[in-house]
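**Student:** Here is my input; please provide its structure:
(6 chains)
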Protein chains: 4
Amino acid sequence: MTPKRQAAKSAAAPRKTAATPRKTPQQDRSRAMVARIVDAGQEVLIRYGYDGASTNRIAEAAGISPGSLYQYFPNKDAVVTAVIERYNTAVTDRVRDRVLANFARSPEVAVPETISDLLDALGTHRELLRAVVEQTPRLTSGATVLAFEQQIGELARTALTMRRRSVPSDVDFDAAAWMLVRAVEHLTIRYVLDSPPIPRDRFLADITRLVLNYFREPLRAEYE
Amino acid sequence: MTPKRQAAKSAAAPRKTAATPRKTPQQDRSRAMVARIVDAGQEVLIRYGYDGASTNRIAEAAGISPGSLYQYFPNKDAVVTAVIERYNTAVTDRVRDRVLANFARSPEVAVPETISDLLDALGTHRELLRAVVEQTPRLTSGATVLAFEQQIGELARTALTMRRRSVPSDVDFDAAAWMLVRAVEHLTIRYVLDSPPIPRDRFLADITRLVLNYFREPLRAEYE
Amino acid sequence: MTPKRQAAKSAAAPRKTAATPRKTPQQDRSRAMVARIVDAGQEVLIRYGYDGASTNRIAEAAGISPGSLYQYFPNKDAVVTAVIERYNTAVTDRVRDRVLANFARSPEVAVPETISDLLDALGTHRELLRAVVEQTPRLTSGATVLAFEQQIGELARTALTMRRRSVPSDVDFDAAAWMLVRAVEHLTIRYVLDSPPIPRDRFLADITRLVLNYFREPLRAEYE
Amino acid sequence: MTPKRQAAKSAAAPRKTAATPRKTPQQDRSRAMVARIVDAGQEVLIRYGYDGASTNRIAEAAGISPGSLYQYFPNKDAVVTAVIERYNTAVTDRVRDRVLANFARSPEVAVPETISDLLDALGTHRELLRAVVEQTPRLTSGATVLAFEQQIGELARTALTMRRRSVPSDVDFDAAAWMLVRAVEHLTIRYVLDSPPIPRDRFLADITRLVLNYFREPLRAEYE
DNA sequence: CATGAATGAGCTTTCATTCAT
DNA sequence: CATGAATGAAAGCTCATTCAT
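**Tutor:** Numbering: from 1, shown residues only, chains lettered A, B, ... in the order given. Predicted coordinates:
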């Protein structure tokens, strides 16, 4: 009932093997194994949730024995953390690419463009996103999400610095980056997970306004 | 090993006591018991985290037997949920009070005032906040946090509606409330939990700017 | 959700009370209470089975507190035993009546008549019968069923003795009664509980044949 | 406290061992483990009864950890059922062998012969028989006992069919088999468990008479 | 290095029974 | 005598982790 997928690559190719410039085959095998386990972990995490994701199930999904799993990961949470990290990296990379691609454009275009892409990125694996959001705090005490937030925050700070001329002098770049990155991240995630009754266009327009208006001189209080 | 209930209501009120038609002592006892269990649950949750918060531990912390706990709560998660709900209610009530108290004031004053108080409220039980944030998604699939968000969201919508004259016509009140409430909530929580290197005043000023500027007419793109 | 049926008989009737020749009202109350508990026990036993029949549930069904139940029965099994005993007594009495009523008739008529009535008696509370059959062995190690078997066995022996002239001399009345009573009892119970694909008439005819033919001289083996 | 498996297979078979293509040692180990658990279950069941037969106790008696038990059985009742089934199979096989061995003989000889052997079979593990009889209804709703009854019933029907010439035409083979098999089974079990004051010879003679006389033409009622 | 059987601490939950009120 | 809150032993069962093979 649980196919064991036993080592398929047994049929050796004696001669040519030595020739191939196999760089550290050991490490390659290991890397592949790790990847397979992370794949399995992601699969199981999505299907069964954190509590249902037992190491036995992950090992089984990876086609290895539970004992072997522990050769690559010290414990269950390490696997889950790896899944989360890989996901974060993927999303971060994608967002960074998009930010860089839009670097030359005006903020009015670049911001909704980027967030739209972020919505797509997060929506691709909704259930994984849910699992990540639910488990991230317990596992990494924010460390991993920070990876995303820090990198993107860095980008944001850079972008701001480059445009510093058109930014009011009272803006603290660090604080602004911290705030906007988190706000955008959180709102986007909740939009994807909670599906509020707000059309996508409206959401994009509003979040863009939130970001761009932030950089305008604050209005003086008119009365009171 | 099984400490009997500690007599609490010792502070006597000599004269009037006999006269007061103290109704439903049964219910009082029961209420007190529930409160004690929720107290214990909170304590254990903070100290050991969700997974370490076994029913046995909670019962012991409450000074009752594991069996008694189940006379008041149907299962472990019910206890944890009660802890979270109580916390949410406390914070929500406090914020609502503050919002109402500032209703007449200008937004430039009311917004930082309110958020400052929210910071205080959340900071009072940092570790509990952490536990709540970590466990809420698994237990209530957002339902409880939504209790906060919805109530405060309602308030925000009301406030917006009352000032509708000074709000740009292109603002969708529902969408705006959804967004701003979540943004403020999340940023405040992260500020308390992550303690970023941003002075409190700066944070308050910036988040106020984020909120207030949102309601200004969007700037036309100047170039590109 | 669980109506407590609190003491209704509080409104006293001062004068007349003393006059009524109430024989040991204490004992009457007690007897009534026992009966109520046994009723409740039977109800719960039928609905939830032995394992699901907790003392709390029985007490609740009887409209009393679990503590009170223990004033009338020393433990759970005592209640269940009482239920079983009452059921056995009822069936036994009914069968005995029928046997006596048919005493003058020929066995060819009396036997199916009696068994038919037994079928009716057992079929009236099929689910109770099932519960009794399943639980009797564990609780009474046969003692209670024996009450039935012994009484009816006694009857059978008497009947046999009275007809001893027409019974072969090689019949041991005790052994025959033991055997036939048990055979009839068991077959009837299984017929009611298992509902085999045998018409009732056929069953009655066959079991009658089993009983009556038993009393004929055994046939000599003809060959071998 | 956690006795490791005791090396069993010590008796070596020096020469041939290496040669024999002993297939699936895995399965052998597993089978042996299952057998050991069933043994332990039987032991515990006899000693402590169903309710006292906790999985922990069974595991301990089997010399394994509670967790291991669940690698072989999904739950407690599965173990108990296995014990019952093994017992039933053993008795059934034995009886079937005996019936077949006596197939050619006259019923007057074969019937007591077979029942005598059944008495022996059941008497060998009296306490187990008691446990089985007490627990069978709750666990299998008769299914397992039916296994016995059906198999033997089948045999009986076959035997009847083969001798159909000497059986009165008014006999319904199915009904007769249903009835006689159950009657014999039940009487034998009760005889073993209750030890009534009936000598074994008498019991055998009487039950034989019960069975054989059943197949004679019913007597016409003489009077009434 | 892979395996997977074995581990066993620990969990949640139930329920017959008691006893202070 | 009634109450019912409280008890607490004990149950069935899971699963992250280990280790002999």
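**Student:** In chain A, where's the longest helix?
**Tutor:** When chain A is parsed with DSSP state H, its longest helix is helix A:25-52.
**Student:** And it, what's buried?
**Tutor:** Buried residues in helix A:25-52, counted by 16 or more other C-beta atoms under 10 Å in any protein chain shown: A:33-34, A:36-38, A:40-46, A:50. Using the backbone N, CA and C atoms, a C-beta is placed for each residue, glycine as well.
**Student:** Which residue ranges make up each domain of chain A?
**Tutor:** What automatic domain parsing lists as the domains of chain A is A:25-73, A:80-216.
**Student:** Let me know the average pLDDT across the longest one.
**Tutor:** Domain A:80-216 shows a mean pLDDT of 88 in the predicted model.
**Student:** Share the number of residues neighbouring the closest residue to residue A:163 other than its chain neighbours, please.
**Tutor:** Of all residues not flanking residue A:163 in the chain, residue A:107 sits nearest, at 7.7 Å (C-beta to C-beta, 6 or more residues apart in numbering or on different chains). Residue A:107 has 19 neighbouring residues, counting by other C-beta atoms under 10 Å in any protein chain shown.
**Student:** Ok, residue A:197 next?
**Tutor:** Residue A:197: 8 surrounding residues under other C-beta under 10 Å.
**Student:** what secondary structure does it sit in?
**Tutor:** coil (DSSP: H, G, I helix; E, B strand; the rest coil).
**Student:** so what's the backbone phi/psi at it?
**Tutor:** phi -80, psi 60 (degrees, to the nearest 10).
**Student:** Likewise for residue A:167?
**Tutor:** Backbone torsions of residue A:167, given as degrees, to the nearest 10, read phi -110, psi 140.
**Student:** Just to check, it is in contact with residue A:160?
**Tutor:** Yes. With contact defined as C-beta atoms under 8 Å, residue A:167 counts as touching residue A:160 (6.2 Å).
**Student:** Next, find the distance separating the residue in chain A positioned nearest to DNA strand E from residue A:79.
**Tutor:** Closest residue of chain A to DNA strand E, C-beta to the nearest atom of the strand: residue A:67 (1.6 Å). Noted for residue A:67: a distance of 14 Å to residue A:79, by C-beta to C-beta, to the nearest Å.
**Student:** which of these two has more neighbours?
**Tutor:** Counted by other C-beta under 10 Å, residue A:67 and residue A:79 do not tie: residue A:79 has more neighbours, with 27 against 8.
**Student:** in which helix or strand would I find that one?
**Tutor:** Assigned by DSSP states H and E, residue A:79 belongs to helix A:76-101.
**Student:** How about residue A:213?
**Tutor:** Per DSSP H and E: helix A:200-214 holds residue A:213.
**Student:** near chain B at all, that helix?
**Tutor:** Yes. Against chain B, helix A:200-214 shows contacts by C-beta under 8 Å from any C-beta of the partner chain at A:202, A:203, A:206, A:207, A:209, A:210, A:212, A:213, A:214.
**Student:** Tell me the secondary structure of residue A:104, please.
**Tutor:** Going by three-state DSSP: residue A:104 is coil.
**Student:** can the domains of chain A go into CSV with extra columns for distance to DNA strand F?
**Tutor:** Listed next are the domains of chain A as CSV, based on distance: least, C-beta to the nearest atom of the strand, whole Å:
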stretch, distance to DNA strand F
domain A:25-73, 3
domain A:80-216, 10
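**Student:** How about residue A:129: what's its closest non-neighbour residue?
**Tutor:** Spatially, and ignoring its direct neighbours in sequence, residue A:129 is nearest to residue A:122 (5.4 Å; C-beta to C-beta, 6+ apart).
**Student:** just residue A:167 next, same as before
**Tutor:** residue A:215 (5.5 Å).
**Student:** Pick out the residue closest to the middle of chain A.
**Tutor:** When C-alpha atoms, centre = their mean is applied to chain A, the residue found nearest the centroid is residue A:88 (2.0 Å).
**Student:** For the nearest residue to that one once chain neighbours are set aside, list the residues it contacts.
**Tutor:** Using C-beta to C-beta, 6+ apart and skipping the chain neighbours, the partner closest in space to residue A:88 is residue A:148 (4.9 Å). Residues near residue A:148 by C-beta atoms under 8 Å, 6 or more residues apart in numbering or on different chains: A:88, A:91, A:92, A:185.
**Student:** would a markdown table of those with distance to residue A:194 be doable?
**Tutor:** Converted to a markdown table, the contacts of residue A:148 look like this (distance: C-beta to C-beta, whole Å):
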| residue | distance to residue A:194 |
| --- | --- |
| A:88 | 20 |
| A:91 | 18 |
| A:92 | 22 |
| A:185 | 14 |
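**Student:** Tell me the one of those residues nearest chain D?
**Tutor:** For those, the minimum distance to chain D (C-beta to the nearest C-beta) is 35.5 Å, reached by residue A:88.
**Student:** What angle do helix B:25-52 and the longest helix of chain A make with each other?
**Tutor:** 170 degrees (axes from the mean of the first three to the mean of the last three C-alpha atoms, to 10 degrees).
**Student:** Which residues are in contact with residue A:38?
**Tutor:** Residue A:38 is in contact with A:79, A:82, A:83, A:86, counting by C-beta under 8 Å, 6+ apart.
**Student:** Ok, residue A:52 next?
**Tutor:** Residue A:52 sits in contact with residue A:44, where contact means C-beta under 8 Å, 6+ apart.
**Student:** Could you check how far residue A:161 is from residue B:206?
**Tutor:** Look at residue A:161 and residue B:206: by C-beta to C-beta, they are 17 Å apart.
**Student:** These two: who's more crowded?
**Tutor:** Neighbours were counted for residue A:161 and for residue B:206 using other C-beta under 10 Å; residue B:206 has more, 23 against 11.
**Student:** isn't the more buried one right up against residue A:172?
**Tutor:** Yes. Between residue B:206 and residue A:172 a contact is recorded at 7.4 Å, counting by C-beta under 8 Å.
**Student:** Can you check which residues contact both of those two?
**Tutor:** Common neighbours of residue B:206 and residue A:172, using C-beta under 8 Å, 6+ apart, are residue B:198.
**Student:** For ChimeraX, what selects the buried ones among the contacts of residue A:38?
**Tutor:** To isolate the buried members of the contacts of residue A:38 in ChimeraX, using 16+ other C-beta under 10 Å:
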select /A:79,82,83
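**Student:** Next, format the contacts of residue A:38 as a markdown table and append distance to residue A:54.
**Tutor:** Shown next, in a markdown table, are these (distance: C-beta to C-beta, whole Å):
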| residue | distance to residue A:54 |
| --- | --- |
| A:79 | 11 |
| A:82 | 16 |
| A:83 | 14 |
| A:86 | 20 |
